[in-house]
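**Q** A predicted structure for the sequence below; I have some questions about it.
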Amino acid sequence: MQSTSVFDALSNKIETRTARAGIIGLGYVGLPLAMAIARSGFPVTGFDVDPKKIVAIDARRSYIDAVNSADLQIEIDAGRFAATTEFSGLADCDVIVICVPTPLTKHRDPDLSFVEATSRTIAEHLRKGQLVVLESTTYPGTTDDVVKVILEKTGLKSGTDFFVGFSPEREDPGNQHFNTATIPKVVAGDGAEALSLMSAFYGAAVKTVVPVSSNATAEAVKLTENIFRSVNIALVNELKTVYAAMGIDVWEVIDAAKTKPFGYMPFYPGPGLGGHCIPIDPFYLTWKSREYELPTRFIELAGEINSAMPRYVVGKLAEALDIRVGKALSRSRVLMIGLAYKKNVADIRESPSLRLIEVIEERGGRADYHDPHVPEIPSTREYQALKGRRSVALTDEVLAGYDAILIATDHDGVDYKSLAESGALIVDTRNVFARLGIAADTIVKA
């Protein structure tokens, strides 16, 4: 009877929007989610270890493109959202959502240290009648075998005293057509009651809820989505290198192929993979599959191909400099357009642009960058040597000082016509000039 009473009490709080939601991790996933939940009428407390984020939120200033500062102010002033670094407030939350990073180690093994540390923090404040949700992308089994196990060390039991669920984040920075509330939300729970609570809670904040049978299934859904993209991007990256050797433009091939109304879906090549999801998430399944002594050849091959793209691009750059400019890369200055991993956002997580700079300078060249969204390179785990470099202005005087321009990210807010008219060698990895109908003898595709 205790399970039913605990379940009914929490169900009632969710139904009446009196359940307080606690969002742990106020980054690209957590802050948009907090806003969506607050807009649906729930009181929300955001938790983060970074005091700078709390200061920004208290000042009603958003640091995430997907969250408008005016919208942030509305939710704060209405009393529906507040943020803190004090995790003792978790005891007052009825629903707790974990939105922390899940990176890889140097050996491409899952790093669950943030998830584990967060789970231990929740355990310190765990009480009866709470729903704990993991949104961080991970391998199948993490929610039940890691998060639930840590929480149950308190003596409380999942499905009896508290509830555990998983719902994969599906954020897409810069997407103008979908946001947190309109992207269908996959939900799962440890048992039927947990799934019911998950469906009710997320159903109040998002347009469509997609329940699945288990937490492991939901975890596999997210990995499958990103593995699908990784493998197909690797395929067109490989086709790019083969077709280039044959004198065939892969972009023209893709544009023609996508006119087929069935049986084909266009993917596009680039200088490498970026963002937190596609370069990292597939290897969570690769790691887990070793437990079952099963290979993941497609995933690993796709990772090898995509990881090799920055060196391929720099090779094409060096070749173009040698043939068209008559200058070795080791004696050249290169201006890279775009530091973010995708167009029209400020997100540089796992951006291939950082690797491009590193490879150019390993070969003796000098690389600067221009990015209207990233004025300065922040601290990163792998590229500390680049910290503090600033975006340069795109003036005629500045452009005259470079031997080549490398298009790494095709931001809309760049005057590509002026770049083409500068007379500089341009290496285009995004086909942006052809898409804009800008032609020049100095443009080379890579």
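**A** Structure's in. What do you need? These figures come from a predicted structure and were not determined experimentally. Residues are numbered from 1 along each chain as shown.

**Q** Confirm T241 sits in a helix?
**A** Yes: counting by DSSP: H, G, I helix; E, B strand; the rest coil, T241 falls inside a helix.

**Q** tally of neighbours for the closest residue to it other than its chain neighbours?
**A** With sequence-adjacent residues excluded and distances taken as CB to CB, 6 or more residues apart in numbering, T241 is closest to Y312, at 6.3 Å. Yep, even glycine has a C-beta here, placed from its N, CA and C like the rest. For Y312, the count of nearby residues is 20 (other CB atoms under 10 Å).

**Q** element containing Y312?
**A** helix 297-320 (DSSP states H and E).

**Q** From V253, how far out is the residue nearest the centre of the chain?
**A** For the chain, H276 is the residue whose C-alpha lies nearest the centre (CA atoms, centre = their mean; 3.7 Å). For H276, the distance to V253 equals 30 Å [CB to CB, to the nearest Å].

**Q** On the three-state scheme, the nearest residue to D281 once chain neighbours are set aside is what?
**A** Spatial nearest neighbour of D281, excluding adjacent residues (CB to CB, 6+ apart): N226 at 4.3 Å. State at N226, reduced to three classes by three-state DSSP: helix.

**Q** Which residues are in contact with N226?
**A** Taking CB atoms under 8 Å, 6 or more residues apart in numbering, we find N226 in contact with 137, 277-278, 281-282.

**Q** Please narrow the residues you listed to those residing in helices.
**A** P282 (DSSP state H).

**Q** Mind giving me the PyMOL select for the contacts of N226, buried ones only?
**A** Per 16 or more other CB atoms under 10 Å, the buried members of the contacts of N226 correspond to this PyMOL selection:
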select buried, resi 137+277+278+281+282
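
**Q** a markdown table for the contacts of N226, including pLDDT?
**A** Converted to a markdown table, these look like this (pLDDT from 0 to 100):
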| residue | pLDDT |
| --- | --- |
| T137 | 95 |
| C277 | 84 |
| I278 | 85 |
| D281 | 91 |
| P282 | 93 |
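
**Q** From E169, how far off is T180?
**A** 9 Å.

**Q** what touches both of these two?
**A** With CB under 8 Å, 6+ apart, T180 and E169 have common neighbours L33.

**Q** Only the buried residues of the helix or strand bottoming out on mean pLDDT in the chain, if you could.
**A** Sorting the helices and strands of the chain by mean pLDDT, DSSP states H and E puts helix 2-15 at the bottom, at a mean of 88. By 16+ other CB under 10 Å, the buried positions in helix 2-15 come out as 6-7, 10-11, 13-14.

**Q** and which of those is nearest T121?
**A** Closest to T121 out of these is L10 (20.7 Å), distances taken as CB to CB.

**Q** Return the distance of the closest one relative to K343.
**A** 42 Å.

**Q** likewise V49?
**A** V49 is 30 Å from K343, by CB to CB.

**Q** swap in Q176?
**A** 11 Å.

**Q** more crowded one of these two?
**A** Neighbour totals were compared for Q176 and K343, and K343 leads with 16 against 7 (other CB under 10 Å).

**Q** Which helix or strand contains the more buried one?
**A** Counting by DSSP H and E, K343 is found in no helix or strand.

**Q** R355 should be in a helix, yeah?
**A** Yes: counting by three-state DSSP, R355 is located in a helix.

**Q** got the contact list for it?
**A** R355 neighbours (CB under 8 Å, 6+ apart): 272, 310.

**Q** again with S158
**A** Per CB under 8 Å, 6+ apart, neighbours of S158: 148, 151-152, 164, 190-191, 194.

**Q** So what pairs up with it in the strands?
**A** Beta bridges link S158 to F162 when assigned by DSSP bridges.

**Q** ok, which stretches of the stretch 51-200 of the chain are strands?
**A** 81-84, 95-98, 131-134, 163-166, 185-189 (DSSP state E, counting those that start in this stretch).

**Q** Show me where the stretch 301-446 of the chain dips below the pLDDT cut-off.
**A** Within the stretch 301-446 of the chain, not a single segment meets pLDDT under 70.

**Q** Which residue ranges of it form strands?
**A** With DSSP E, counting those that start in this stretch as the criterion, the stretch 301-446 of the chain has strands spanning 333-337, 366-370, 404-407, 425-428, 443-445.

**Q** tell me how far the shortest one is from the chain's mean position?
**A** Read that as strand 443-445. 29 Å (CA atoms, centre = their mean, to the nearest Å).

**Q** Could you list the buried residues of that strand?
**A** 443-445.

**Q** Tell me the strands beside that strand, with direction?
**A** strand 425-428 (parallel).

**Q** got the CA coordinates for the strand it pairs with in PDB?
**A** C-alpha atoms of strand 425-428 as PDB (Å, rounded to 0.1, in the frame of the first residue of the first chain):
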ATOM      1  CA  LEU A 425      42.900  31.400 -52.000                       C
ATOM      2  CA  ILE A 426      39.700  30.000 -50.500                       C
ATOM      3  CA  VAL A 427      39.300  26.400 -49.300                       C
ATOM      4  CA  ASP A 428      35.600  25.600 -48.900                       C
END
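
**Q** Look at A424 and say how many residues are nearby.
**A** A424 has 20 nearby residues by other CB under 10 Å.

**Q** returning to that earlier point: quick check: which of the strands of the stretch 301-446 of the chain is buried the most?
**A** Per residue and on average, the most neighbours among the strands of the stretch 301-446 of the chain fall to strand 404-407, with a mean of 26 (mean count of other CB atoms under 10 Å).

**Q** And for that strand, what's in contact with it?
**A** 313, 317, 320-321, 325, 332-338, 356, 367, 399, 419, 422, 424-430, 432-433.

**Q** and it, how far from the chain's centre?
**A** On CA atoms, centre = their mean, the centre of strand 404-407 falls 25 Å from the chain's centre.

**Q** before we move on, what about stretch 250-264?
**A** The answer for stretch 250-264 is 27 Å, by CA atoms, centre = their mean.

**Q** What are the buried residues along that stretch?
**A** Buried residues in stretch 250-264 (16+ other CB under 10 Å): 250-251, 254.

**Q** pLDDT (mean, whole number) over it?
**A** Averaged across stretch 250-264, the pLDDT comes to 97.
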